[in-house]
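>>> any chance you could fold what I've pasted below:
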Amino acid sequence: MSLMNLFGKKKKEFKAFCNITREPLESGFGYLLTTAQIISSKKYWDLVMTEPETLSYTISHFNNQPSGTQMRNMIFEKYASVAKPWMISDSIIGYFEVDKTQARTNAKKWWESEGNFIPEEAGPAQQKLELSAFNAYKDYAVLEAGRGKANPKR
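Okay, here's the model as predicted:
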């Protein structure tokens with residue numbers, strides 16, 4: 001027994017937050033997704049590319065400014081290169097077409113291991129997807145996502 005336990009100090013409670021919304025997650029809840037599952041969602045890319053922090057790049061991109069396209073490409077690469085699985089809240093899971101039962105089961109394993117469980121399919125998306133699929137997701141994210149918000153007249 002450690003000295004801390006002798007003096008009645010509790011072990012620090014394991015906490016988690018949604019990797020997308022940053023909302024706190026109740027122990028045992030949420031969904032565990034892989035980066036490949038995250039980047040394959042058009043609804044998610046439409047959300048990401050129209051957030052206040054990224055909307056200016058989206059508008060620039062659709063106004064044929066190379067700097068906007070370059071920034072959108074960098075945003076995609078940042079998300080696609082995440083090696084760890086993503087804990088996702090109930091409020092955002094609808095953006096992803098995944099097996100929710102499996103994602104919930106993986107989340108429970110993740111909670112039980114205090115964040116150490118990593119599904120075999122986890123890792124950077126380019127290493128886990130066929131090149132053609134990866135490029136199709138990238139093309140949507142960089143070239144098309146958020147078009148409706150950036151150019152409402154089209």
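
>>> where exactly do the helices run in the protein?
Along the chain, the stretches classed as helices by DSSP state H are 3-6, 35-39, 42-48, 55-62, 66-80, 100-112, 125-128, 131-139, 147-150.

>>> and these as CSV, adding mean neighbour count, distance to residue 27 and mean pLDDT?
C-beta here means a position set from N, CA and C on the backbone, and glycine is covered the same way. Converted to CSV, the helices of the chain look like this (neighbours: other CB atoms under 10 Å; distance: least, CB to CB, whole Å; pLDDT from 0 to 100):
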stretch, mean neighbour count, distance to residue 27, mean pLDDT
helix 3-6, 9, 21, 52
helix 35-39, 24, 23, 97
helix 42-48, 18, 25, 96
helix 55-62, 19, 35, 93
helix 66-80, 16, 26, 96
helix 100-112, 16, 6, 96
helix 125-128, 18, 28, 93
helix 131-139, 14, 32, 97
helix 147-150, 15, 36, 82
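
>>> out of the ones you listed, nearest to residue 12?
Comparing the helices of the chain by their distance to residue 12 (CB to CB), the top pick is helix 3-6, with 10.2 Å.

>>> surely residue 40 and residue 137 touch.
Yes - the pair formed by residue 40 and residue 137 meets the contact definition of CB atoms under 8 Å, at 5.4 Å.

>>> contact partners for the most centrally placed residue in the chain?
Residue closest to the average C-alpha location in the chain (CA atoms, centre = their mean): residue 38, at 5.0 Å. Going by CB atoms under 8 Å, 6 or more residues apart in numbering, residue 38 touches 44, 79, 82, 86, 96, 125.

>>> before I go, just wanted to say thanks for your time.
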